[in-house]
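Student: 3D, please:
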Amino acid sequence: MEQYAIKGGNPLVGEVEIGGAKNAALAILAAAIMTDETVLIENVPDVRDTNVLIQAMESIGVIVNRIDRHTVKINASHIHDLTIEDDYIKKIRASYYLLGALLGKYRKAEVSLPGGCNIGLRPIDQHIKGFRALGANVRIEHGLIITETEELKGNHIYLDVVSVGATINVMMAATMAAGKTTIENAAKEPHVVDLANFLNSMGADIKGAGTDVIRIKGVSRLHGSEYTIIPDQIEAGTFMFAAAVTKGDVMVKNVIPKHLESISAKLLEIGCEVEESDDAVRVVSSKPLGHTHVKTLPYPGFPTDMQPQIVVALGLSLGTSIVTESIFENRFKYVDELTRMGASIKVEGNTAIIDGVTRYTGASITAPDLRAGAALVIAGLSAEGITVVDDIKFIERGYEDFHIKLQSLGAQIEKVDTERELQKFKLKVG
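Tutor: Residues are numbered from 1 along each chain as shown. Coordinates of the predicted model:
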């Protein structure tokens, strides 16, 4: 089983390039099947989630040509099946985006109930509510979500909770519904805006993405397009916190600083220097980290996907910090692993009370999910001694070449596959 072997203690120094946003890529790849014409998508991250989605699309007849590692050409004019129930698709959450895309184009779709990381309940009731408001019948049978209709009609839809997935799914279906659709209490995340921009480049008529009211005028067909996916704000934030935790100096390149404001603000608050330029952010951590309070919120608030990373940083800060998780109820599972490394954290319900310690020490730990896995790697980079991280398949769901990018910044980290390779690493780093 593949693991990361890490020798901590090196400050991360240098420049790192951020790839395309995984969450935007998943929505945009799904939306690309809504036209019969060819679509070219650039800056697609080469991560497990995007590759699984592409595999699922190919299984129903979509032709996907990889021009290079980060560019795909998609033609969906020969889709022969509207049912997606392969085992691999159950592994990713974003499989449900194929529902909105297929329903919009063909008025029918059947997709396996989604999986992904076990970080808490992620109900699809708002998706179902949105599809029904557009006139679709929706039912769940044999582990499949089945949705179909004779005709999709625009409607006024108020989402009971801010849901990125439901906003994206309903937006895709409404793009090809007759008449006008208004989505109120819509998610404002950058990848919602990126999808709307992509659909508009294909001939959709979507206004208001990035605000809490999205207005859509349905169109009868979409055409081909060429589009470049935005940079990944969570990958960028992860490297920003890696700089903070390791007392480093890292220039994070190919980013949209506006998308990182809540992350930059917290880094400044705990005593890091943050310099922004047009498409880069530099984080310098030269003095002891201070404590703060954090509450995760929908965008533009502090992202739930950055919560484990900031907890790792606050675990090494002076004083007591409080982190409140308001999005997912099961997102502190990694705290037990961090405690094995010497952290002093008490979890009560959806709140973590963190008493800063002076250092972490290396340990054998397991990644419980994607973002927590990345955060534990960061903890290992700052820890005294050797850390071994198991279940790195979770991390590879959303980070391309994670260990290679860290190595380029001076980290002593390797991917190992056997006990022998692990022993070799330990001998090498002494």
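Student: The worst-scoring helix or strand of the chain on mean pLDDT pairs with which strands, parallel or anti?
Tutor: One helix or strand of the chain scores below all others by mean pLDDT, DSSP states H and E: strand 83-84, with a mean of 91. Strand 83-84 sits in its sheet next to strand 108-112 (parallel), going by DSSP bridges.
Student: mean confidence for the partner strand?
Tutor: The average of the pLDDT scores along strand 108-112 is 94.
Student: Show the subsequent helix or strand relative to that strand.
Tutor: Sequence order places helix 125-133 as the next helix or strand after strand 108-112, per DSSP states H and E.
Student: Check which element follows that next one along the chain.
Tutor: Taking DSSP H and E, what comes next after helix 125-133 is strand 137-141.
Student: Report the angle between that following strand and strand 108-112.
Tutor: Relative orientation of strand 137-141 and strand 108-112, computed by axes from the mean of the first three to the mean of the last three Cα atoms, to 10 degrees: 30 degrees.
Student: related to what we said a few turns ago, list of residues touching the least confident helix or strand of the chain?
Tutor: Residues from elsewhere that reach strand 83-84 (Cβ atoms under 8 Å, 6 or more residues apart in numbering): 56, 59-60, 95, 98, 109-112, 144. In this view, the C-beta of every residue, glycine as well, is placed from N, C-alpha and C.
Student: Could you rerun that using 10 Å?
Tutor: 53, 56-57, 59-60, 90, 95, 98-99, 102, 108-112, 144, 146 (Cβ atoms under 10 Å, 6 or more residues apart in numbering).
Student: chain center to it: distance?
Tutor: With Cα atoms, centre = their mean, to the nearest Å as the basis, strand 83-84 stands 24 Å off its chain's centre.
Student: Which of the contacts of strand 83-84 fall in helices?
Tutor: In this view, the contacts of strand 83-84 that belong to helices under DSSP state H are 53, 56-57, 59, 98-99, 102.
Student: of all those residues, which comes closest to residue 260?
Tutor: residue 53 (25.5 Å; Cβ to Cβ).
Student: Just to check, residue 336 is in contact with residue 346?
Tutor: No: look at residue 336 against residue 346 with Cβ atoms under 10 Å: they stay out of range, at 11.8 Å.
Student: out of these two, which sits in the more crowded spot?
Tutor: residue 336 (14 against 11; other Cβ atoms under 10 Å).
Student: Okay, the more buried one and residue 345: tell me how far apart.
Tutor: Counting by Cβ to Cβ, to the nearest Å, the gap from residue 336 to residue 345 is 9 Å.
Student: sorry, back to before: what is the most widely separated pair among the ones in helices among the contacts of strand 83-84?
Tutor: Across those, the longest distance by Cβ to Cβ is 15.4 Å; it joins 59 and 99.
Student: So these two - more neighbours on which side?
Tutor: Between residue 59 and residue 99, residue 99 has the larger neighbour count (other Cβ under 10 Å), namely 27 against 16.
Student: ranges for the helices of this structure?
Tutor: 22-31, 48-59, 97-106, 125-133, 164-175, 190-201, 233-245, 261-269, 307-314, 335-340, 370-382, 393-396, 402-408, 419-429.
Student: Just send those back as a markdown table, with distance to residue 293 too.
Tutor: As requested, the helices of the chain are exported to a markdown table (distance: least, Cβ to Cβ, whole Å):
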| stretch | distance to residue 293 |
| --- | --- |
| helix 22-31 | 26 |
| helix 48-59 | 32 |
| helix 97-106 | 34 |
| helix 125-133 | 29 |
| helix 164-175 | 24 |
| helix 190-201 | 25 |
| helix 233-245 | 17 |
| helix 261-269 | 9 |
| helix 307-314 | 9 |
| helix 335-340 | 17 |
| helix 370-382 | 18 |
| helix 393-396 | 28 |
| helix 402-408 | 29 |
| helix 419-429 | 37 |
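Student: That'll do, ta.
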